[in-house]
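Based on what follows, work out the 3D shape:
(one chain, ligands or ions: 1)
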Amino acid sequence: MSTAQIAFLKGHGTENDFVIIPDHEGRIELSPAAVARLCDRRAGLGADGVLRVVRSAAHPEARAMAGEAEWFMDYRNSDGTVAEMCGNGVRVFARYLQRAGLAEAGDLVIATRAGVRRVHIAKESAGGGVTVSMGRAQLPAGDVTVTVGSRVWPARNVNMGNPHAVSFVDDLADAGHLYEAPAVAPAAAYPDGTNVEFVVDRGPRHVEMRVHERGSGETRSCGTGACAVMVAAARRDGLDPAVTGLPVTYTVDVPGGRLVIGESPDGTIEMTGPAVIVAEGVFDASWLDTVLL
Ligand SMILES: N[C@@H](CCC[C@H](N)C(=O)O)C(=O)O
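A predicted model of the protein is given here:
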């Protein structure tokens, strides 16, 4: 049994929280069981997901992006499953790089499974938020529905690198306790499962949402989900920057805070929000049965 110590940090973005594992040279094998143990809120460190920080050149899924982005965000959901992208996670990842002296305030590029993402870390004098260029939303055609208990709502299928079903509801409480994943139909629209957002209006270009995340359950925020909600709300409101030539911006409130999200005429979506590191420490590798390569 190894007695090596593994360093970790804990951080969050609008209370979507993460265990961060710096593993610059890709030496730590994080099994799904190890991720689930790290994220366990009673027997572990507790988080919605894990951000493993690996040099792109040291990770087989990111090597092709190494010329553009030095660092790869290896994101895992709290149940140990792998996801393509995490919008709050990429802001927290950038904050880790800044804190570790691996990046400065300003512009940087981070590799993710959904491709590279351009990030801007604002100076503290400018509020200190982090802005991420989230790419373009894909809106697959076809009607989808979301069901919770006996309630069924129409939903918009939005892909932000990862899948989302966005439903507008009368009251966020209508979605119930969300201990279980809402049912989504047709299943063929989401072959790899989906995140589900419930949305209400709070004012002009201002919405509030709850989310049930694939692989993590209900969380206090989801950055890709908030971007999907922004696009679904804009299209519902008859706003499409690609058609009008005018950018649109929405405020998206989540249980854990606020995100500001804009869409440009070229379809690019930009999300701005907080990113906070709250703690750091070490644990023994043997606790996770982790293999050090
Ligand atoms: N919380 C994240 C999304 C994490 C991945 C998601 N659960 C999935 O499986 O697609 C965010 O902030 O975007």
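
Please count neighbours and contacts with C-alpha atoms only from this point.
Will do.

what about the residue nearest the centre of the chain, distance to residue 213?
What sits nearest the mean C-alpha location of the chain, by CA atoms, centre = their mean, is residue 86, with 2.4 Å. As judged by CA to CA, to the nearest Å, residue 86 and residue 213 stand 11 Å apart.

shared neighbours, the two?
Jointly contacting residue 86 and residue 213 under the rule CA atoms under 8 Å, 6 or more residues apart in numbering are residue 222.

Show me the beta-bridge partners of residue 146.
Counting by DSSP bridges, residue 146 is bridged to residue 153, residue 184.

Could I get the CA-only coordinates of stretch 225-235 as PDB?
What follows is stretch 225-235, C-alpha atoms only, in PDB (Å, rounded to 0.1, in the frame of the first residue of the first chain):
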ATOM      1  CA  GLY A 225     -26.400  24.500 -18.100                       C
ATOM      2  CA  ALA A 226     -26.700  28.300 -17.600                       C
ATOM      3  CA  CYS A 227     -25.300  28.800 -21.100                       C
ATOM      4  CA  ALA A 228     -27.900  26.300 -22.500                       C
ATOM      5  CA  VAL A 229     -30.600  28.200 -20.600                       C
ATOM      6  CA  MET A 230     -29.400  31.500 -22.000                       C
ATOM      7  CA  VAL A 231     -29.700  30.300 -25.500                       C
ATOM      8  CA  ALA A 232     -33.100  28.600 -25.000                       C
ATOM      9  CA  ALA A 233     -34.400  31.800 -23.400                       C
ATOM     10  CA  ALA A 234     -33.100  34.000 -26.200                       C
ATOM     11  CA  ARG A 235     -34.600  31.900 -28.900                       C
END
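
start at 30 instead
Sure, I'll start counting at 30 from here, so that last one is stretch 254-264.

And it, how far out from the chain middle?
Put simply, stretch 254-264 sits 14 Å off its chain's centre (CA atoms, centre = their mean, to the nearest Å).
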